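Asker: let me see the structure of the following:
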Amino acid sequence: MDKSGTAGLPGPIVSASHLADGAMPALSEFEFALVILGNAYNRWIAACSNAADGAGLSSMEVQIVHAVNHRERPKSQAELCMMFNIEDTHVVSYALKKLEALGFVESGRRGKEKIVCITDKGAAHCLEYRRLREKVLIEPILALGLDEKHVSEISALMRVMSGQYDQAMRSASSI
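Answerer: This is a model prediction of the structure:
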């Protein structure tokens, strides 16, 4: 038997075996899966947005336009940064400028704070994205017969893990 407990099968699928040799090999497997998933997801949302006439939006710009559209209420740059756990405010600022130039969002003020709202054009884009997502992503995934409760549990675990990585980052910064 090998490390994984299965005869003849490889151990965890990781990108760095020296990290998997530590106390928790499963975490290295999780991290590699997260990287692969993140890259696939970013390519997917940009491609779906482009198919929905997204004018060459990056994955971050796609996420931001959907967040601005969320619940049809204005969002500030700070709220968007917090929502996506983004420290570099310039990333969000650049995305908002591009989305505004495309006519997907419009800016205004809430007191001294700049806010953005979705436009009719932006909302239409989000609906077309949703239609395409249902057809080319959701339908095939449903055909796999995945348990939605299990997918929700994995999502909750990922949010918990993001907090652990944030705490570890703060600890590493103080070393």
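
Asker: which elements pack onto the worst-scoring helix or strand of the chain on mean pLDDT?
Answerer: Ranking every helix and strand in the chain by mean pLDDT, DSSP states H and E puts helix 17-20 at the bottom, with a mean of 88. In terms of contact count using 3 or more C-beta pairs under 8 Å, 6 or more residues apart in numbering; DSSP states H and E, helix 17-20 is assigned the packing partners helix 25-51. In short, each C-beta sits where N, CA and C put it, glycine included.

Asker: residue 126 against residue 118, yeah?
Answerer: Yes: in this structure, residue 126 is within contact of residue 118 by C-beta atoms under 8 Å, at 7.4 Å.

Asker: what strand or helix carries residue 115?
Answerer: Using DSSP states H and E, residue 115 sits within strand 113-118.

Asker: partner strands of that strand, with direction?
Answerer: Paired with strand 113-118 in the same sheet, following DSSP bridges, are strand 75-76 (antiparallel), strand 105-110 (antiparallel).

Asker: now do the first one: distance to the chain's middle.
Answerer: Here the centre of mass of C-alpha atoms in strand 75-76, compared against the chain's by C-alpha atoms, centre = their mean, to the nearest Å, lies 18 Å away.

Asker: and the contacts of it?
Answerer: 67, 68, 83, 110, 113, 114, 115, 116 (C-beta atoms under 8 Å, 6 or more residues apart in numbering).

Asker: ok, back up a step: can I get the strands paired with strand 113-118 in CSV including mean pLDDT?
Answerer: Listed next are these as CSV, based on pLDDT from 0 to 100:
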stretch, mean pLDDT
strand 75-76, 97
strand 105-110, 96
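
Asker: which one of the ones you listed lies nearest to residue 173?
Answerer: Nearest to residue 173 among those is strand 75-76 (26.2 Å), distances taken as C-beta to C-beta.

Asker: before we move on, back to that, by neighbours, which of the contacts of strand 75-76 wins?
Answerer: The most crowded member of the contacts of strand 75-76, judged by other C-beta atoms under 10 Å, is residue 68 (27 neighbours).

Asker: thought residue 99 was touching that residue, still the case?
Answerer: Yes: here residue 68 lies in contact with residue 99, judged by C-beta under 8 Å, at a distance of 7.4 Å.

Asker: need the residues touching each of those two.
Answerer: Overlap between the neighbourhoods of residue 68 and residue 99 consists of 105, 116, 122, taking contacts as C-beta under 8 Å, 6+ apart.

Asker: quick check: bridge partners of the second one?
Answerer: Translated: residue 116. Using DSSP bridges, the bridge partners assigned to residue 116 are residue 75, residue 107.

Asker: which ones are touching it?
Answerer: 68, 74, 75, 76, 77, 96, 99, 100, 105, 106, 107, 108.
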